[in-house]
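Engineer: below are the sequence and a predicted model for it; my questions follow.
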Amino acid sequence: MTQPSESTALVVGLGNPGPQYERTRHNVGFMVVDALAARERARFTAHKKSGSDAVTLRIAGRQVIVAKPRSYMNLSGKPVAALARFFSVEPANLVVVHDELDLDFGTLRLKLGGGEGGHNGLRSISSAIGTKDYLRARVGIGRPPGRMDPADYVLKPFSSVERKELDLVCEEAADAVELLLRVGLEAAQNQLH
């Protein structure tokens, strides 16, 4: 999808459910979609058929389903596939917002397809929908310090320095998702990267 589409889009933020994970690095996808919904003063409600919380927005004149799976990160595929089926969204109109270890904190990148880079949420989605060819909004969280296990690092809260920037990072990522939906991947990449 290089050009913007008129079709319904599905924007999924990845994270883990529960208050103990709320402000952890792995939940930055949830934080970004929360920022998108807040712009429209829209509230997420339970979408029982998918096991997700979802809200319908209009972005650039287009219907956009914004969702947060209620499953744990490594089981995100089933709810995402259920949402895509329910709303008849093709993989080319799916945008997954997720944390990215391979980007410095606050760096944003948009891409189509590619590998999962060890990200279990992406691996689960690719498996459930049968393709890696969906859009990704990658939000950099940086690498763990020293010899810390990446699995432990992503489940830790952001540092005090990062927390000062976190709201701005989430707003910028929400801007990037809106831009992607408005102008398409290549034009959005040209503006952002």
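Structural biologist: That came in fine, so what should we check first?

Engineer: in terms of secondary structure, what does the top helix by length along the chain contact?
Structural biologist: The longest helix of the chain (DSSP state H) is helix 160-183. Contact analysis of helix 160-183 by 3 or more C-beta pairs under 8 Å, 6 or more residues apart in numbering; DSSP states H and E lists strand 9-13, helix 28-39, strand 52-59, strand 94-100, strand 108-112, strand 135-140, helix 185-192 as its packing neighbours. All C-beta atoms are positioned from the backbone trio N, CA, C, and that covers glycine.

Engineer: helix 160-183 and the following helix or strand past the third one, what's the angle between them?
Structural biologist: If I follow you right, that is strand 52-59. Proceeding C-terminally, strand 52-59 gives way to strand 62-69 as the next helix or strand, assigned by DSSP states H and E. Counting by axes from the mean of the first three to the mean of the last three C-alpha atoms, to 10 degrees, strand 62-69 lies at 140 degrees to helix 160-183.

Engineer: give me the distance between Arg136 and Ala92.
Structural biologist: According to C-beta to C-beta, to the nearest Å, Arg136 and Ala92 sit 12 Å apart.

Engineer: about what we covered before: deepest of the helices and strands packed on helix 160-183, which one?
Structural biologist: Of those, the one with the most neighbours on average (mean count of other C-beta atoms under 10 Å) is strand 9-13, at a mean of 29.

Engineer: tell me the angle that strand makes with helix 160-183.
Structural biologist: Going by the same axes, to 10 degrees, strand 9-13 makes 170 degrees with helix 160-183.

Engineer: residues of the longest helix of the chain that come out buried?
Structural biologist: Neighbour-count burial for helix 160-183 flags 166, 169-181, 183 (criterion: 16 or more other C-beta atoms under 10 Å).

Engineer: would you point out which residue is most central in this protein?
Structural biologist: Val97 (1.4 Å; C-alpha atoms, centre = their mean).
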